[in-house]
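Visitor: sequence and computational prediction follow.
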Amino acid sequence: MSGTTIAEHGGTAQCEPCAATDPGRTLARDAGHDDRTYLCYLAWFGPGLLKVGLTAAERGHDRLLDQAAIVSTLLARGPYAAIRHAETRISGAGLAKERVGARAKADAWWKLPAAADRTAAILTARQAITDAVPLPTAAEPLSCTITDHAADYGLDGIPDRYADIKVVADGTVIAGKIQAIIGGRLLLDAEPGAFLLDTRLITGWQIIATRQQAPERLDYDVRDRPRGPHDHQNLLF
């Protein structure tokens, strides 16, 4: 890779002036005005991690994969203003957040319950929202359908320890075999162990092919699966 450092500590590849004019961010600030149909969705990322959001109808499934949702359900459809209002009502009632941090999502990968339990969790949350939050008149409620996305990511292969890349810089080498793609993150099988790369960190960089087998010039944090006091663990890094 070559270029200048775009982002540090894994936030976003955009500078503040670019972020201020990004249409996607503008939409999230209630300035989006168009004639498309929007969906209000509920996404479950792990125990206690519920997010309510909106997306253009044509992006529904892709948007949920972008979010790295483990399980999801659609709540309503309609024009932007009505769907945004539904979203704020649900978050305002404290039944789901409008944002769940990337670190919390990743930590939950190690403690996902079985598929049936995931479905039960989001069904319970959906029912609580249906009972407590009236939808705006222009928002059409949708029948209950639950989609489990875990198989789309390959989450059954998350290792007990991996290096979470924080920063890339001039001369950074990222080498390894892709084991899973989870939202915008790549899990790489590399030497001397697994690495997790947020692809936003490489936005704007010139990427050059290399024959090098091992990563180089990486700044990362080591993440470990939570274990009991008597568990033994070999060091990889």
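Guide: Received it, and whenever you're ready, just let me know what you need.
Visitor: strands of the chain, residue ranges please.
Guide: 38-46, 49-56, 71-78, 140-141, 146-148, 161-167, 177-182, 185-189, 194-198, 219-224 (DSSP state E).
Visitor: for the protein, what helix or strand is lowest in average pLDDT?
Guide: One helix or strand of the chain scores below all others by mean pLDDT, DSSP states H and E: helix 23-26, with a mean of 54.
Visitor: tell me which of the strands of the chain sits most buried.
Guide: strand 38-46 (a mean of 25; mean count of other CB atoms under 10 Å). For the C-beta atoms, the positions are set from N, CA and C on the backbone; glycine is no exception.
Visitor: list the contacts of the top helix by length along the chain.
Guide: Secondary structure of the chain per DSSP state H: the longest helix is helix 115-132. By CB atoms under 8 Å, 6 or more residues apart in numbering, the residues outside helix 115-132 that reach it are 42, 44, 47, 50, 52, 70-73, 75, 90, 93, 95-96, 112-113, 141, 144, 146, 148, 150.
Visitor: tell me the angle that helix makes with strand 49-56.
Guide: 70 degrees (axes from the mean of the first three to the mean of the last three CA atoms, to 10 degrees).
Visitor: CA atoms only for helix 115-132, dumped as CSV, please.
Guide: Coordinates of the C-alpha atoms in helix 115-132 are reproduced here as CSV (Å, rounded to 0.1, in the frame of the first residue of the first chain):
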residue,chain,number,x,y,z
ALA,A,115,-30.2,-19.7,15.8
ALA,A,116,-33.5,-20.5,17.6
ASP,A,117,-32.5,-18.4,20.5
ARG,A,118,-31.5,-15.5,18.2
THR,A,119,-34.9,-15.7,16.6
ALA,A,120,-36.7,-15.7,19.9
ALA,A,121,-34.7,-12.6,21.1
ILE,A,122,-35.7,-10.5,18.1
LEU,A,123,-39.3,-11.7,18.1
THR,A,124,-39.6,-10.6,21.7
ALA,A,125,-38.1,-7.2,20.9
ARG,A,126,-40.3,-6.8,17.9
GLN,A,127,-43.4,-7.6,19.9
ALA,A,128,-42.4,-5.1,22.6
ILE,A,129,-42.1,-2.4,19.8
THR,A,130,-45.4,-3.4,18.3
ASP,A,131,-47.1,-3.1,21.7
ALA,A,132,-45.6,0.1,22.8
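Visitor: gap between it and the chain center?
Guide: Taking the mean of its C-alpha atoms, helix 115-132 sits 20 Å from the chain's own mean (CA atoms, centre = their mean, to the nearest Å).
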